[in-house]
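> Structure for the following, please:
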Amino acid sequence: MNYTEARSYLKEVNKYGSVLGLESITTLLDALGNPQKELKVVHIAGTNGKGSTLAFIQSVLVKSGYQTGRYSSPAVFDDDETIQINGKNIEKEELADIVTLIREKADIILEKYGFHPTPFEIETAMAFEYFKRKDCDIVLVECGMGGAGDATNVFDRVLCSVITSISLDHTAFLGETIEEIAQVKAGIIKPCCPVVMAKQSEKAVNCIKNIAQEKGAEFVQAGQAQLTAQNHPSDMKSVKNRINYKAANGKKYQANIRMLGTYQSINAATAIETLLCLENYGYQLEEHIEQGLSEAVWDGRMEIISEEPLFIIDGAHNPGAVKELRNSMDLYFTNRRITFIMGVLADKDFAQEAELIADKAENIITVTPNNSRALDGKKLAETLSVYHKNVQYMDDITKAVTSAMDYVRKGQTDMILAFGSLSHLKDIKQAVKAERRD
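Numbering: from 1, shown residues only. Next up is the predicted model:
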């Protein structure tokens, strides 16, 4: 297969849906010769903050000269972005070659066992095969959903297991309480392999800590870096988050980080503790930690996509993330009138999200994300109308962007913030570019 044919095949296998459990992925990996067994892995699970924490760690590793693989999903802006080495997407020729091999193995598995690997399982196998072929020094792997039954949870040993912020999300699959969800996330913890956990609720911490102790795994509780917004002008491009952090080993770190958001204080601290853990394996990172943190980026998280008018997109898509988004608004956008563009997925607790943040908007435009799980924007508008009097639904994202930008141009609001789902950030970004060209 060439690249176009490989991408067509990857779309075709969407018919096999999503299934938790390890039987299918382990069968596929075994057919490939178990490439995951040759990787040195940092495995990251959690509800929120996985991507940003990974970005901080990746930036320091690359700055330190290590060939660093990264696997994270879903793709937001580019289909190939889920599999990267040193920040560069998987090569198209390599993707085509690996998909050709996987299709051959998947067809044999279907014929022999009666089941076919899911799209996420195929993508996961692709990543591990690619990283093996490229002889990565270290690989950062983000869980797709959960932990114990996630397709990425196929390692016998890892350099470190990382647990980021845990909150209520995917409750139909993972559990209805923080303790139940933490138990699932803890499934990535391996016997005698260290665990780093982000600062969070005592219920979640105690659950993870107890499981780590049962498995003889060293447990490190990250603190929370002190965060202040430096240079707070009308020009948001020059705003920096200044973090100060004293690590568990007593070392102190300072950095001006590019990634905005109050939650980055937690993610940066978690990344620092993970990096210090990696130093115990001989990775030489210390002199690059502060610079690496300052250069880290993660698109779609408090990302400024336009300065005039000021337009920011954020991936907040569950109540925990929306609460942190509200805190970030209080820090950066005090007394600013804001137009929201909001679209959500139907399986999220959108009613609670609406209650948490609707009052921060001057007006709200709802849309329907381009996703099979999307909530009809009309229904979201009805839900938001309980908490805000100025809500309107638009059936086209381009129209929504144009309308929101007109509000700012006419002086009715000061800026625009789009959030609610990762699914529509690409469409919004493209619509903003087109609007600016016009």
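> can you give me the helices in the stretch 101-250 of the chain?
Assigned by DSSP state H, counting those that start in this stretch, the stretch 101-250 of the chain shows helices spanning 119-133, 171-174, 178-185, 202-214.
> Make JSON lines from these and add mean neighbour count and mean pLDDT to it.
The way it works is simple: take the backbone N, C-alpha and C, and place the C-beta from them, glycine included. Converted to JSON lines, the helices of the stretch 101-250 of the chain look like this (neighbours: other Cβ atoms under 10 Å; pLDDT from 0 to 100):
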{"stretch": "helix 119-133", "mean neighbour count": "24", "mean pLDDT": "97"}
{"stretch": "helix 171-174", "mean neighbour count": "15", "mean pLDDT": "56"}
{"stretch": "helix 178-185", "mean neighbour count": "21", "mean pLDDT": "88"}
{"stretch": "helix 202-214", "mean neighbour count": "17", "mean pLDDT": "93"}
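> closest one to residue 65 among those?
In terms of Cβ to Cβ, the element of the helices of the stretch 101-250 of the chain nearest to residue 65 is helix 119-133, at 17.2 Å.
> Show me the strands in the stretch 151-300 of the chain, by range?
160-163, 195-197, 219-221, 226-230, 240-246, 252-257 (DSSP state E, counting those that start in this stretch).
> How far does the third one sit from its chain's centre?
Going back to what we said before, that points to strand 219-221. 22 Å (Cα atoms, centre = their mean, to the nearest Å).
> strands paired with that strand, and their directions?
strand 195-197 (parallel) (DSSP bridges).
> who's in contact with the strand it pairs with?
160-163, 189, 205, 208-209, 212, 217-222, 270, 273-274, 277 (Cβ atoms under 8 Å, 6 or more residues apart in numbering).
> and the strands of the stretch 151-300 of the chain, which is most packed in?
strand 160-163 (a mean of 30; mean count of other Cβ atoms under 10 Å).
> just to revisit the earlier point, would you turn the strands of the stretch 151-300 of the chain into a markdown table with mean pLDDT and distance to residue 7?
As requested, the strands of the stretch 151-300 of the chain are exported to a markdown table (pLDDT from 0 to 100; distance: least, Cβ to Cβ, whole Å):
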| stretch | mean pLDDT | distance to residue 7 |
| --- | --- | --- |
| strand 160-163 | 97 | 31 |
| strand 195-197 | 97 | 36 |
| strand 219-221 | 96 | 40 |
| strand 226-230 | 80 | 40 |
| strand 240-246 | 88 | 37 |
| strand 252-257 | 94 | 35 |
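> want to throw those into a markdown table with distance to residue 408?
Supplementary listing: the strands of the stretch 151-300 of the chain in a markdown table, determined by distance: least, Cβ to Cβ, whole Å:
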| stretch | distance to residue 408 |
| --- | --- |
| strand 160-163 | 39 |
| strand 195-197 | 41 |
| strand 219-221 | 43 |
| strand 226-230 | 22 |
| strand 240-246 | 24 |
| strand 252-257 | 27 |
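> Alpha carbons of stretch 396-409, in CSV - could you do that?
Taking C-alpha atoms only, stretch 396-409 is exported to CSV below (Å, rounded to 0.1, in the frame of the first residue of the first chain):
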residue,chain,number,x,y,z
ASP,A,396,-22.0,25.8,10.7
ILE,A,397,-18.7,26.3,12.5
THR,A,398,-17.5,28.9,9.9
LYS,A,399,-20.6,31.0,10.5
ALA,A,400,-20.0,30.7,14.3
VAL,A,401,-16.5,31.9,13.9
THR,A,402,-17.5,34.8,11.7
SER,A,403,-20.3,35.9,14.0
ALA,A,404,-18.0,35.7,17.1
MET,A,405,-15.3,37.8,15.4
ASP,A,406,-18.0,40.3,14.3
TYR,A,407,-19.0,40.7,18.0
VAL,A,408,-15.4,41.8,18.8
ARG,A,409,-15.0,44.0,15.7
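> tell me how far that stretch is from the chain's mean position?
The answer for stretch 396-409 is 27 Å, by Cα atoms, centre = their mean.
> Can you list the low-confidence ranges for the stretch 201-350 of the chain?
230-240 (pLDDT under 70).
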